[in-house]
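>>> Mind folding the following:
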Amino acid sequence: MRMMTAIEAARLVKPGDTVFLAGCCGEPAAVLEAVEADPELWHDVHIIGAFIPGVNVRNYAALGRGTRVSTTFATPALSAPENGGRVGHLPVHYSDLDRLLAQPGFVDIGFVQVPPPRPDGRVSFGLTVDFLPSVARAGARLVALINPAMPDPVDGPTLPVDRFEGFVAVNTDLPSYDAGPLDETVLAVAAHVAGLIEPGDTLQLGLGKMQAAILQRIDGHRGLGFHGGMISTPIAAALRNGVFSAGITTGVALGTPDFYRMITDYPRIAFRPVGVTHGQAAIAAIPRFTAVNSVLQVDLYGQANAEMMGRRQVSGQGGLVDFVRGARQSEGGKSILALPSTASGGTVSRIQPTLAAGAPVTVARADADLVVTEFGVARLRHASIDERAEALISIANPSFRDWLRAEWQSKR
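I've put the predicted structure just below:
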């Protein structure tokens, strides 16, 4: 077991290397801080990862000299104008990114934060499993930051100590996340979503206010399972109350220190790689899989944009479409797209006649199933184009319904 300093670990990166950096709680902060302090440590490096807005806030493009970054999500730091074209957004599904990272020779070296090694000589990935098993399986060199603050889950993948090229000892707080206060509109949307969830369903939720509100609204449910890419603090109450008695499968956990302590020894949480959490075949094999995801806009054809506000990239595809398509193939499964009916203080309808020119179609109309706002549920599966439009108009804010109908009639 080779121990080294953060500077020595940073020096393992060679000019031209592709470097995978774990996101969420796994971010190798000490190594990145060493490069921030001495940019000469890295030259012409290509960084790749899934960096979560509001959590992984660092400007990775500013590390070293001539660094390029490929990212699945747009964070404010990575979107900064001074990055000058050195940041590339990858419009790919999580499952596709996982396959890319699994290609031998694509990633040269990966950095991750882990809990202390176990007595049996193995090392857990802690609370950030997602892409790391694929990076390891592809043969990339691995460097781990050992942090006693990182929980060691009961059920998750491990690697032998000698699979790592080196270890750096750190002792810092883990990144935390709080969705913030929930407003009445979001809670009203969540109430309609909760009405679609039945005992025996396996639920998938993402990260954010909508997901926190849904967890609050299903507190009285029992007999559910959970299968998704991430769990966060709002799931804690549901765990204590037996909502997810059928167990939880996730790739990442993100939340508060109390939440991290709670889930460390929780026996019903299984941490799994993206190939399991986001693999469409794996999802389709789960009966009554119910995917719930937030989007920014839906048009009257059923197409959804979950990535851009105007011309500004604010998020990414992530695993949304993996879950949408897996749910559609699941026996008894359903996919729910949830959103408030308006934006900008009620002055803009999130239900649009068509997505604006240049807006990405994150979810294609053929994949749309259920769309929910605070005004109800639009059932789009197997509906005709005109039936879809009328269903979506019925859940739009009432002040925009006449306009939407007029716009739709002008297109027919």
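
>>> Tell me how far R328 lies from V363.
Between R328 and V363 the computed distance is 11 Å (Cβ to Cβ, to the nearest Å). All C-beta spots, glycine's among them, are computed from the backbone N, C-alpha and C.

>>> scratch that, L337
Using Cβ to Cβ, L337 is found at 7 Å from V363.

>>> can you check M308 too?
Taking Cβ to Cβ, one finds M308 at 13 Å from V363.

>>> between the two, who's got more neighbours?
More crowded of M308 and V363, by other Cβ atoms under 10 Å: V363, with 25 against 20.

>>> what's near enough to touch the nearest residue to that one once chain neighbours are set aside?
Leaving aside its sequence neighbours, V363 sits nearest to A304 (Cβ to Cβ, 6 or more residues apart in numbering; 3.9 Å). If you count contacts by Cβ atoms under 8 Å, 6 or more residues apart in numbering, A304 has them with 295-298, 337, 361-363, 368, 371.

>>> where's the helix or strand bottoming out on mean pLDDT in the chain relative to the chain centroid, distance-wise?
Ranking every helix and strand in the chain by mean pLDDT, DSSP states H and E puts strand 312-313 at the bottom, with a mean of 80. Offset of strand 312-313 from its chain centre (Cα atoms, centre = their mean, to the nearest Å): 17 Å.

>>> So in that sheet, which strands flank that strand, and in what orientation?
Applying DSSP bridges to the sheet, strand 312-313 is found paired with strand 308-309 (antiparallel).

>>> quick one: contacts of the strand it pairs with?
Counting contacts by Cβ under 8 Å, 6+ apart, the residues outside strand 308-309 that touch it are 296, 314, 358-360.

>>> these two touch, right, T362 and V321?
Yes - with contact defined as Cβ atoms under 8 Å, T362 counts as touching V321 (6.9 Å).

>>> Tell me where the stretch 101-250 of the chain has strands.
Remark: strands assigned in the stretch 101-250 of the chain by DSSP state E, counting those that start in this stretch are 109-114, 122-124, 141-146, 158-160, 166-169, 202-205, 225-227, 230-232, 248-250.

>>> how much space between the spatially closest residue to G139 that is not a sequence neighbour and D120?
Counting by Cβ to Cβ, 6+ apart, G139 lies nearest to P104, which is 5.3 Å off, once chain neighbours are set aside. Distance, P104 to D120, by Cβ to Cβ: 28 Å.

>>> residues of the helix or strand where E407 lies that come out buried?
Secondary structure from DSSP states H and E places E407 in helix 398-411. For helix 398-411, a neighbour-count test (16 or more other Cβ atoms under 10 Å) marks 400-401, 404-405, 407-408 as buried.

>>> Please apply the same query to stretch 170-181.
By neighbour count with 16+ other Cβ under 10 Å, stretch 170-181 contains the buried residues 170, 174-177, 179.

>>> tell me how far the ends of that stretch are from each other?
For stretch 170-181, the first-to-last residue distance is 33 Å (Cα to Cα, to the nearest Å).

>>> now what about it, what contacts it?
Residues contacting stretch 170-181 (Cβ under 8 Å, 6+ apart): 6, 24-25, 27, 29-30, 52, 54-56, 113, 127, 145-150, 207-209, 211-212, 232-234, 254-257, 260.

>>> Test my guess that G139 contacts F106.
No - contact criterion Cβ under 8 Å: G139 and F106 do not qualify, at 9.8 Å.
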